[in-house]
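Visitor: turn this into a structure:
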Amino acid sequence: MAGAPKLGDDKPSSATQPTPASTETPRPQPLVPLYVSFATLEAFDVASTARVLESGGRESNPIVASVWGSPVALAVLKAGTAAGLIFAAERLRRDHPKAALVLMIAGNSGMAAIVAHNYASARR
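Guide: Numbering: from 1, shown residues only. Next comes the predicted model:
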């Protein structure tokens, strides 16, 4: 008999199984732009720090100062920082989407303040 179920084949086919409803909290719309702006601010931090150093200033973050001479290490550090914060926000948003927004707003605000300080210091 063609098409007859085989013994022990009592599972319904995948076409007839109901698909589970998604339980993941949707991503708040502002998160992706906040991710992009944070990564952009990381790049502006490198550019503004370079201006400060060119004008005779110094890097006050010992971690950044230790890798400043190596462009590869600096890029890895900055990319890792951005990726780490974005990863943390993505994990947080699953259960606490508002907290993820607060985290990214705080991260962007802090980095924006650092960049603004760097550019102000470079002008002195």
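Visitor: from residue 47, how far out is the residue nearest the centre of the chain?
Guide: The structure's the chain has its C-alpha centroid closest to residue 86; by C-alpha atoms, centre = their mean the separation is 2.0 Å. According to C-beta to C-beta, to the nearest Å, residue 86 and residue 47 sit 21 Å apart. C-beta: built from backbone N, CA, C; applies to glycine.
Visitor: for residue 37, same thing?
Guide: The spacing between residue 37 and residue 47, counted by C-beta to C-beta, is 15 Å.
Visitor: between those two, tell me which one has more neighbours.
Guide: For the pair residue 37 and residue 47, the greater number of neighbours falls to residue 37 (17 against 12), based on other C-beta atoms under 10 Å.
Visitor: which of the three states applies to the more buried one?
Guide: What DSSP: H, G, I helix; E, B strand; the rest coil gives for residue 37 is helix.
Visitor: my guess is it meets residue 107, correct?
Guide: No - in this structure, residue 37 is not within contact of residue 107 by C-beta atoms under 8 Å, at 9.4 Å.
Visitor: quick one: what helix or strand has the residue nearest to the centre of the chain in it?
Guide: Secondary structure from DSSP states H and E places residue 86 in helix 71-95.
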